[in-house]
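K.L.:
following is a predicted model, sequence given first.
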Amino acid sequence: MPSLLAIWTLTVRELVRFFRQRTRVVGALGQPILFWVLFGAGLHGSFKAPTWAPVGRELTYQEYFFPGVAVMIVMFTAIFSTISIIEDRREGFLQAVLVAPISRLSLVLGKLFGGTILAVIQAGAFLALAPFLGLSISPLQAMEMFAFLTLLAFTLTALGFLIAWPMDSTHGFHAVMSVFLMPMWLLSGAFFPAESGSLKWVVVANPLTYGVAGLRRLLYTGALAPTNALPAFSTCLAVTLLFCLVCVSACVAMTHRRAL
């Protein structure tokens, strides 16, 4: 019971903090939507549809970019929610939690659940725009996308936790975001298809690629052309689950080793 109460308390604290800081909503949701609109309009004429594009109709760049922006929203929300770890350490809150009679797993899960809920809410609100692109989503598709988004959000929040925990400055966190997290998203197939060339192997080795591809598979259930260029959903789910377990295990191990 103390562990469950701790997880619940930390989760609610993240939600309350988020809704009291409305600028975070703008940063996590506004910028990706702006990217989607501007890049969609600018690259529409030069975009060449990948080989897995839906059969029988033209795939526009805005439609191609749509799942990638949803993943970007999840990533940004996860980033902003885990920055609070650095602030909590500076204010002394994190030290108080560490000496409380709860497990380190409870601490990790409390932070991760809060970031996950926020990420799913915002990405879900964006995906609700799908009908305006001519995409019809059935109730079963919506539930499958919700479950997969939850897994992906939990994974990315754990990755953000892993990066934020050893840091003492938010400036360092933003630097890591610029040189590691943004390229990770760009090289996931979210921004452009990489079906050939040297970048193809970087994209294949990127675990976020399978999060983007899994969302594409769910969004176009049964409509994609048969090709090996896009990973199967079972592969996407397996890789994302494995990446999630690695990140969460590393988070728990790090909280045991790090001295504040």
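P.N.:
The structure has been received and is ready for your questions.
K.L.:
return the helix or strand in the chain with minimum mean pLDDT.
P.N.:
None of the helices or strands of the chain scores lower by mean pLDDT, DSSP states H and E than helix 22-25, at a mean of 67.
K.L.:
so after that helix, what's the next helix or strand?
P.N.:
Toward the C-terminus, helix 22-25 is succeeded by helix 31-42 as the next helix or strand (DSSP states H and E).
K.L.:
low-scoring pLDDT stretches of the stretch 101-250 of the chain, where are they?
P.N.:
Counting by pLDDT under 70, the stretch 101-250 of the chain has low-confidence residues at 195-197, 222, 225-226.
K.L.:
swap in 80 and give it another go.
P.N.:
Of all residues in the stretch 101-250 of the chain, those with pLDDT under 80 make up the ranges 101-102, 132-135, 168-174, 177-178, 194-199, 221-229.
K.L.:
beyond whatever helix or strand Met145 lives in, next helix or strand please.
P.N.:
Met145 is located in helix 139-164, with elements delineated by DSSP H and E. Of the helices and strands lying after helix 139-164 in sequence (DSSP H and E), the nearest is helix 170-176.
K.L.:
mind listing what's buried along the helix holding Met145?
P.N.:
Neighbour-count burial for helix 139-164, with 16 or more other C-beta atoms under 10 Å as criterion, is recorded at 141, 144-145, 148-164. (Glycine included, C-beta is placed from N, CA and C.)
K.L.:
for Thr255, which non-adjacent residue is spatially closest?
P.N.:
In this structure, Thr255 finds its nearest non-sequential neighbour in Arg104, 4.2 Å apart by C-beta to C-beta, 6 or more residues apart in numbering.
K.L.:
same question for Ile7.
P.N.:
Excluding its sequence neighbours, the residue lying closest to Ile7 (C-beta to C-beta, 6+ apart) is Gly110, at 4.5 Å.
K.L.:
ok, now Ala70?
P.N.:
Ala123 is the one closest to Ala70 (C-beta to C-beta, 6+ apart), at 4.8 Å.
K.L.:
quick check, the one you found in a strand?
P.N.:
No: Ala123 sits outside any strand when classified using DSSP: H, G, I helix; E, B strand; the rest coil, being helix.
K.L.:
and Ser3, how many residues sit next to it?
P.N.:
Applying the criterion other C-beta atoms under 10 Å, we find 15 residues in the vicinity of Ser3.
K.L.:
dump the residue contacts of it.
P.N.:
Residues touching Ser3, when contacts are defined by C-beta atoms under 8 Å, 6 or more residues apart in numbering, comprise 102-103, 105-106.
K.L.:
check Thr9 too.
P.N.:
By C-beta under 8 Å, 6+ apart, the residues touching Thr9 are Gly110.
K.L.:
give me the phi and psi angles of it.
P.N.:
Dihedral angles phi and psi of Thr9 (degrees, to the nearest 10) take the values phi -60, psi -50.
K.L.:
for it, give its distance to Met254.
P.N.:
With distances defined as C-beta to C-beta, to the nearest Å, the gap from Thr9 to Met254 amounts to 21 Å.
K.L.:
contacts made by stretch 75-89 with the rest, please.
P.N.:
The contact list for stretch 75-89, computed with C-beta under 8 Å, 6+ apart, reads 14, 17-18, 24, 27-28, 31-32, 94-95, 97, 111, 114-116, 118-119, 122-123, 153, 156-157, 159-161, 163-165, 167-170, 173, 177, 181, 185, 208, 260.
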